[in-house]
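Colleague: Build me a model from this:
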Amino acid sequence: MTSSQVTPVATRVSRVIERSDDEVSAPAPSRSVPRARHGRRRRMERSSDRFRGDVAGLRAVAVGLVLLYHAGLPFLPGGFVGVDVFFVISGFLITGQLIAEIDRTARISLPAFYARRAKRILPAATVVLFVTAASVRLLVPRTRWEEIGGDIVSAATYVVNWRLADRAVDYLAEDSPPSPVQHYWSLAVEEQFYLVWPLLILAAIFVARVIHRKNVRPILWIGILIVAVPSFAWSVIETASSPERAFFVSTTRIWELSIGAGIALITTSVARIPRALAAIAGWLGLAAILASALLVTSRTPWPGYTAALPTLGAAAVIAAGTAAGPRGPVAILGTRPFRWIGDLSYSLYLWHWPMIVLATAHWDGLSVARGTAVVVASVIPAWITFRLVENPLRYSRAVSRSPRLALSLGGNFTMVSILAGIALLVTSASAVSITESPDQRAPGADVLVASPGDRLADAVPDQFEFITPDPLQATKDLPDTTADECFQQMVSAELVWCTYGNPRGVTKVALVGDSKMDQWLPAFQLLATQNDWKLVVAFKGACPFMSATALKGDDPNVPYPDCTQWNATLLDRLVVERPDYVVTSHVSSRATDSDGGASIDAMISGMRDSWSTLESVGTKVILIANNPYPGLNVMECVDKNRDRLSACAYSRDRHLADPAFLTQRQAVAGTNVKMIDLFDAICPMKQCPPVIGNVLVYRRGSHITATYVETLTPQLAQALSDVGMPVHFTQSQ
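Modeller: Residues are numbered from 1 along each chain as shown. This is a model prediction of the structure:
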């Protein structure tokens, strides 16, 4: 379509979009505009806002749902759907802007487009990232600085969604609190869309010229379908198999932005539908968004096909707005309060989440009242950023006239964000204490006497000359399976089978189960070396070795079919391999029963079923008792209390009340399976010390550091020998 063919309605749409890039109601500061020009701008904005005030108000609805959800209001369990609404709006506005440029010039300028994005997005985003980095340095425990520093660098380069996707399915990151820049994932998705979408439009323009078509819209429709259909299909597939990862990745979200792009292509057509019909469609669309926020919960696999409800609802509001006029949702959305919040929506979105995370860390949790107060308080920095950062740069004539200057400005802002994240990383690294020296080895469990039942002392030691691993590095103190890629995460049912020790060893020992079995590998590696074992391992996150269907995180509403498939493959492999011994452990206490509920009996039955299959081929099974969750973040507590470690002790009674341990004891009762319990060597006192023999006992969650497990080798050897497994171990000097 040439510029002469553009209808008055389409022209007005173009003006709205061009006026403020991707914001439909963000007036320029009056002080930057001469009086006459200011009057003309205001008249144009008033006309434009009446036309697309519904889009401005829709942004207010989207950000409002997100903020109230993050505040913890229980009546909005699905408030996160506001992000899906944002995706539709962004796809609509950006595509409309590009189409307007094509209508005027029959081309698009990539430098100008990216310059507009740079001056619009990067300044405010950088301010928030910089302040967040400084706040983390002051308020957040040092154990998190390295992780958050990496998050900030990823957020500044708009790839944080992929980083968060990997973390979401990393079972070893079980107790990692939300990142203060986690909300940048949605901005990353949009920026990745903005990077690719103009290139696809350029390709459409090229195709149109080759086939001598003046109207590029039909070709753009083909492009939208090529992008949207596979993305939606993948969203459904990935959400079904790995909803944690599907939530963050771009490939499951592009279809939502594409729907907005499609609405931009049909703006002229939908403007002609009957007003009454358009009004009904608009109100139904708004109702669909609100219904999603009320009915969807955090347990709903997302995005998948269920995300179509708020997404299509937003599309309906936008598509119907022009024809519906004052009878449509603009009657509410176009009011001054909604438009004012819509103006602040970007800054509000940026500021509210780090404030919530930091407040949560400060108060060790947030009540609904405090959460709401924090959200309301985020209006203050949002308004300041909007007035002093967003608007001055957005409406700067010098920046607007020079794409090169705008891109340079954006690049400099990005560099500031990156340096802020790197500074946090460097600060974290420099905070690590000196640990052991070559002539000063940390004894760990060697300080315990031969009998694990004896006590180390009456009181928990309050300090040590050094601690290894340093609490700031504890999350890296892992078994070799992580570096060797021999630990299967929760996202795949593929069996990963690795061999340690002597590949030709006469005695074959298999270690199988979840991460609570994986943690014992360092000690078994030492035993394999001294006993000439062929040591084979197969571990999967949150997947206990049994035939029953496990539950993800013991959640009664979320079965874990990947674990069931993995276990079936593993059992077949073990039957073929026929190891002399299978040693297993796990953290789960329940499995899915025949009615689809969570059951201890189902767990016990599934465990015994797999054990009996192995025993039928001559394999002996040994179960290691699960060690409990201490009830606190040990590494964080130790870092805070290096001179008063007793503050980080916990009661050994937690072991006797541990659900997994209780289920394991019931499961072995009356069977030939032997169970060993090394908890007395992990907690040799009534109050369990966080550091034993200069070694930090726990890393993340309920997992023991690889260093301490290695020092437990004598105790493990003795326990295995006590249940009839021929094993010897000589402590090296």
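Colleague: phi, psi of the spatially most central residue of the chain?
Modeller: Centroid check for the chain by Cα atoms, centre = their mean gives Leu164 as the closest residue, at 3.8 Å. Dihedral angles of Leu164 (phi, psi; degrees, to the nearest 10) stand at phi -70, psi -30.
Colleague: ok, it - contacts?
Modeller: Residues near Leu164 by Cβ atoms under 8 Å, 6 or more residues apart in numbering: Asp151, Ser179, Gln182, Trp185, Phe248. C-beta coordinates here come from the backbone N, C-alpha and C atoms, glycine included.
Colleague: Which ones among those residues map onto helices?
Modeller: In helices, defined here by DSSP state H, the members of the contacts of Leu164 are Asp151, Trp185.
Colleague: Mind giving me the ChimeraX command for buried ones among the contacts of Leu164?
Modeller: Provided next is the ChimeraX selection string for whichever of these are buried by 16 or more other Cβ atoms under 10 Å:
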select :151,179,182,185,248
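Colleague: I'd like the contacts of Leu164 laid out as TSV, including pLDDT.
Modeller: Shown next, in TSV, are those (pLDDT from 0 to 100):
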residue	pLDDT
Asp151	96
Ser179	93
Gln182	95
Trp185	96
Phe248	95
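Colleague: still on that earlier bit, what about the residue nearest to the centre of the chain, distance to Met490?
Modeller: 15 Å (Cβ to Cβ, to the nearest Å).
Colleague: rewinding a little: the residue nearest to the centre of the chain and Ser176: what is the separation?
Modeller: 10 Å.
Colleague: Lys686 touches Arg652, doesn't it?
Modeller: Yes. The criterion here is Cβ atoms under 8 Å, and Lys686 meets it with Arg652 at 6.0 Å.
Colleague: doesn't Cys637 fall inside a helix?
Modeller: Yes. Under DSSP: H, G, I helix; E, B strand; the rest coil, Cys637 sits within a helix.
Colleague: How many neighbouring residues does it have?
Modeller: Neighbour count of Cys637, defined by other Cβ atoms under 10 Å: 21.
Colleague: What pairs with the strand or helix carrying Ala538, parallel or antiparallel?
Modeller: Element membership of Ala538, judged by DSSP states H and E, is strand 533-540. Strand 533-540 has its sheet partners listed here by DSSP bridges as strand 487-488 (parallel), strand 498-501 (antiparallel), strand 507-513 (parallel).
Colleague: which residues are in contact with that strand?
Modeller: Contact partners of strand 533-540, identified using Cβ under 8 Å, 6+ apart, comprise 481, 486-490, 495-515, 517-518, 521, 524-525, 527-528, 563, 566, 570, 573, 577, 579.
Colleague: ok, then the element right after that strand?
Modeller: Next element after strand 533-540 (DSSP H and E): strand 550-551.
Colleague: helices or strands next to the helix or strand following that following strand in the packing?
Modeller: Next along the chain after strand 550-551, taking DSSP H and E as the criterion, comes strand 559-560. On a contact count with 3 or more Cβ pairs under 8 Å, 6 or more residues apart in numbering; DSSP states H and E, strand 559-560 meets strand 550-551.
Colleague: helices and strands around the strand it packs on, which ones?
Modeller: strand 559-560, helix 561-577, strand 591-592.
Colleague: at 6 Å what do you get?
Modeller: Applying 3 or more Cβ pairs under 6 Å, 6 or more residues apart in numbering; DSSP states H and E, one finds that strand 550-551 contacts no other helix or strand.
Colleague: circling back to that earlier point, from His352, how far off is the residue nearest to the centre of the chain?
Modeller: Leu164 is 18 Å from His352, where distance means Cβ to Cβ.
Colleague: so where's the stretch 501-650 of the chain uncertain?
Modeller: Low-confidence segments of the stretch 501-650 of the chain (pLDDT under 70): 553-557.
Colleague: What's the mean pLDDT across stretch 460-474?
Modeller: Stretch 460-474 shows a mean pLDDT of 90.
Colleague: Any idea how far apart the tips of that stretch sit?
Modeller: 20 Å (Cα to Cα, to the nearest Å).
Colleague: how far is it from where the chain is centred?
Modeller: Remark: stretch 460-474 is offset 30 Å from the chain centroid, using Cα atoms, centre = their mean, to the nearest Å.
Colleague: And it, what's buried?
Modeller: By 16+ other Cβ under 10 Å, the buried positions in stretch 460-474 come out as Val460, Pro461, Phe464, Ile467, Thr468, Pro469, Asp470, Pro471, Leu472, Gln473, Ala474.
Colleague: cool, and stretch 714-731?
Modeller: Pro714, Gln715, Leu716, Ala717, Gln718, Ala719, Leu720, Met725, Val727, Phe729.
Colleague: I'd say the third one and Ala523 touch.
Modeller: Yes. Checked against Cβ atoms under 6 Å, the pair Leu716 and Ala523 is within contact range at 4.7 Å.
Colleague: Number of residues surrounding the closest residue to Ser90 other than its chain neighbours?
Modeller: Nearest residue to Ser90 in three dimensions, chain neighbours excluded: Glu190, at 5.3 Å (Cβ to Cβ, 6 or more residues apart in numbering). Using other Cβ under 10 Å, Glu190 is surrounded by 25 other residues.
Colleague: For Glu190, pull up the helix or strand it's in.
Modeller: Glu190 is part of helix 184-210 when elements are defined by DSSP H and E.
Colleague: ok, now which ones touch Phe386?
Modeller: Residues in contact with Phe386 (Cβ atoms under 6 Å, 6 or more residues apart in numbering) are Leu344, Ser347.
Colleague: how about 7 Å then?
Modeller: Asp343, Leu344, Ser347 (Cβ atoms under 7 Å, 6 or more residues apart in numbering).
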